[in-house]
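> Take a look and give me a structure for this.
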Amino acid sequence: MAEIMELEEAVRRFVQDGQSVAMEGFTHLIPHAAGHEMIRQGRKDLTLFRMTPDLIYDQLIGMGCVRRLVFSWGGNPGVGSLHRLREAVEQGWPQPLEISEHSHAAMANAYEAGAANLPFAVFRGYLGTDHQKHNPDIRRITCPYTGEELACVPSIRPDVAVIHAQQADREGNVLMWGIVGVQKEAVLAARHAIVTVEEIVDELDAAPNAVVLPAWTVSAVCAVPNGAHPSYAHGYYKRHNKFYTQWDPVARERDSFRDWMQRYVMDCPTFGQTWSRLKEDGYV
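Residues are numbered from 1 along each chain as shown. Okay, here's the model as predicted:
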């Protein structure tokens, strides 16, 4: 059952070294603030799941928090490479990074299988590709009813799912709307779930087809305004496109990356203070 608490406490209580963590949000509602808190607390040896790792994963990898990445696309959207991810793979800095690459379809189906407490996901996919040569987790299975050959991958059952949403009520029920990805499935697949939200309200006014996560699916709810920045939160703020271009030169070199992370994350005890410093320096 959800507890309302500070983000620092939620990460300290539910995210431990060596665990598997899924941080989802597709273009929208990406949980940047929660990723910063994991970095501040010095989490190590994590296995990270994400369909589209972008800036927050670049930061986690560059700060030495990650041992393994399971993903289906990685980059700085609209800009180019994730330089910290790339250097970890190519040069082992700050430590070697093991990668397991899938298609979007495989990841989405693996989350759904995890949410259903199934050991693997079956789907039509990977035909005509050489993915299986590079990822031993991709297998082929024969349908016992039709004889059709299908693809299968292990389900995703993370220790912790971390998402951002627009609202939660005081009982810990969570509401999100707009473009969503696999946040619901990630929460249902995980042993624990941390949800950062723009605000906590007395009552949720859920529109038709909005996503409502009941309190019993969530471990911690944390009020963190602007916690998805530089991605966007529909109804609260737009995507900060300039930040993505600003990140590229910062992340290209080790020293500039470490200096940025020190000033805007390590020297700021909370995301609120990070936000204030970003505003002072013209990043927002």
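> how about the helix or strand bottoming out on mean pLDDT in the chain: buried residues?
Lowest by mean pLDDT, DSSP states H and E among the helices and strands of the chain is helix 131-134, with a mean of 90. Of the residues in helix 131-134, H131 count as buried by neighbour count, 16 or more other Cβ atoms under 10 Å. Yep, even glycine has a C-beta here, placed from its N, CA and C like the rest.
> do the same with stretch 267-280
C268, T270, F271, T274, W275, R277, L278.
> Which residues does that stretch contact?
7-8, 32-33, 36-37, 40, 224-227, 229, 263-265, 284 (Cβ atoms under 8 Å, 6 or more residues apart in numbering).
> ditto for stretch 97-112
22, 49, 51, 61, 66-73, 85, 88-89, 120-123, 125-126, 131, 134-135, 137-138, 151, 153-156, 182, 185-186, 189.
> Which among those residues count as buried?
22, 49, 51, 61, 66-67, 69-72, 85, 88-89, 121, 123, 125-126, 131, 135, 137-138, 151, 153-156, 182, 185-186, 189.
> Among the contacts of stretch 267-280, which one is most surrounded by other residues?
Among the contacts of stretch 267-280, the one with the most neighbours (other Cβ atoms under 10 Å) is E37, at 30 neighbours.
> Strands of the stretch 151-284 of the chain, residue ranges please.
Under the criterion DSSP state E, counting those that start in this stretch, strands of the stretch 151-284 of the chain are mapped to 160-169, 174-176, 192-201, 211-213, 220-223.
> Can you tell me which of these is packed in deepest?
Compared across those, strand 160-169 shows the largest average neighbour count, a mean of 27 (mean count of other Cβ atoms under 10 Å).
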